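Asker: Curious how this folds, go ahead:
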Amino acid sequence: MQFNQVLIFDIESEYGHFRKFNTTTSPLTYSFPTRPALVGLLSAILGIEREVSAGVFSKGTVPLSELFAKKSAGIAVQILRPVSKVNIAFNLLDTEKRASSFFNVKQRTQVEFELLKNPMFRIFVSMADDTLFKSLCEKVRNNASHFTPYLGLSQFTATMCYRDVANITGVATDLSTEVVSAVNISELDQNDPIQFNYSSDFKYTADTMPVAMKSDRQVVEYAEVVIETNGRSIYVKSDNIKKVEGYGNIIFL
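Answerer: Sure, this is the predicted structure:
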C-alpha cells in the first residue's frame, strides 16, 4: 500500500513492559513496543473497543487486526532515549488457591518483571482510511486520547506529544541508506542487508517479535527486528525505505 502522509508523535512513560512471548515465570520485555502493542495504543487513542467477550465483536465492529492490517496501515517506531532495563518485583494475586470470590483472595505471589526505565519512542503512522487517519491526527494533536494510553501495562500511564503530519515518499536506491526506525529484517535486501558500525559507541540488538495477529490474538507473522539501543540510525539496503520529510528515513514494521 502506498501512503502519502504520516502522523508523527512521541510517547514516553516512567516505565514500560512489552512481554516477550517466550518467557514464563520471570517476564522479560522487548526493548520497544511490538506492532500489535502499537495497534492497541492507536486504538485506545481513537476509542475503538476490543471484543465484547472472547472472539465476540459488537455488530458492525471491524477487528483491530483488520483495521490496522499491513495493507491498511503502516507503523514504524524510533527509539528516542537509550534503552535501559531494570528488574522490579510485583505482588500478584495467587488465583490458584481457593477463595469465596476474587475479592477475597488473600494469597500473593511475588514475580520479578523486567521493565523498561524511562522509555521514549517516536511513532510514525500512515493509514489507508483517510477519515480514521484524520481523526487520529486530531486526537493526538489535541492530546485528547479516548482511553488512557500506557506502555504495555496499565500501571505505566504514558504522555503523548504531537510532532507533525508529514509527506512520505519511497526511496529508490541500491545503496545502503540511513534509517532512523527499528528495522524489520524481512523487509531488507538479502544481499548485504545491514551495514554495521563496529565502533564501541554502537550497540545492536535483534529480537524475534510478533508483527501481525488475527482477531482471536493468534499470531500469524513473526519477524526479526533490529535496533541500535542508543537510538542511533542503522544503514540498510531495502526497497521498502520511506522518506519522511524533515524526520529521516523509516521502514514500516
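
Asker: okay, CA-based contacts and neighbour counts for the rest of this
Answerer: Noted.

Asker: Give me the neighbour count for residue 91.
Answerer: 11 (other C-alpha atoms under 10 Å).

Asker: if I look at it, how far off is residue 23?
Answerer: Going from residue 91 to residue 23 by C-alpha to C-alpha, to the nearest Å gives 18 Å.

Asker: Equivalent analysis for residue 14, please.
Answerer: With C-alpha to C-alpha as the criterion, residue 14 and residue 23 are 23 Å apart.

Asker: again, but for residue 62
Answerer: For residue 62, the distance to residue 23 - C-alpha to C-alpha - is 31 Å.

Asker: Looking at the two, which has the bigger crowd around it?
Answerer: residue 62 (16 against 10).

Asker: Please identify the helix or strand for that one.
Answerer: Assessed by DSSP states H and E, residue 62 sits outside every helix and strand.

Asker: Tell me who's in contact with the closest residue to residue 85 other than its chain neighbours.
Answerer: Excluding its sequence neighbours, the residue lying closest to residue 85 (C-alpha to C-alpha, 6 or more residues apart in numbering) is residue 116, at 4.5 Å. Contact analysis of residue 116 by C-alpha atoms under 8 Å, 6 or more residues apart in numbering lists 15-17, 29, 31, 83-86.

Asker: I'd like the next helix or strand past the helix or strand that contains residue 75.
Answerer: Counting by DSSP H and E, the element that carries residue 75 is strand 73-79. Per DSSP H and E, strand 73-79 leads on to strand 85-93 as the next helix or strand towards the C-terminus.

Asker: quick one: contacts of that next one?
Answerer: 105-117.

Asker: Can you list the strands that that strand pairs with?
Answerer: Sheet pairing for strand 85-93, assigned by DSSP bridges, gives strand 108-117 (antiparallel).
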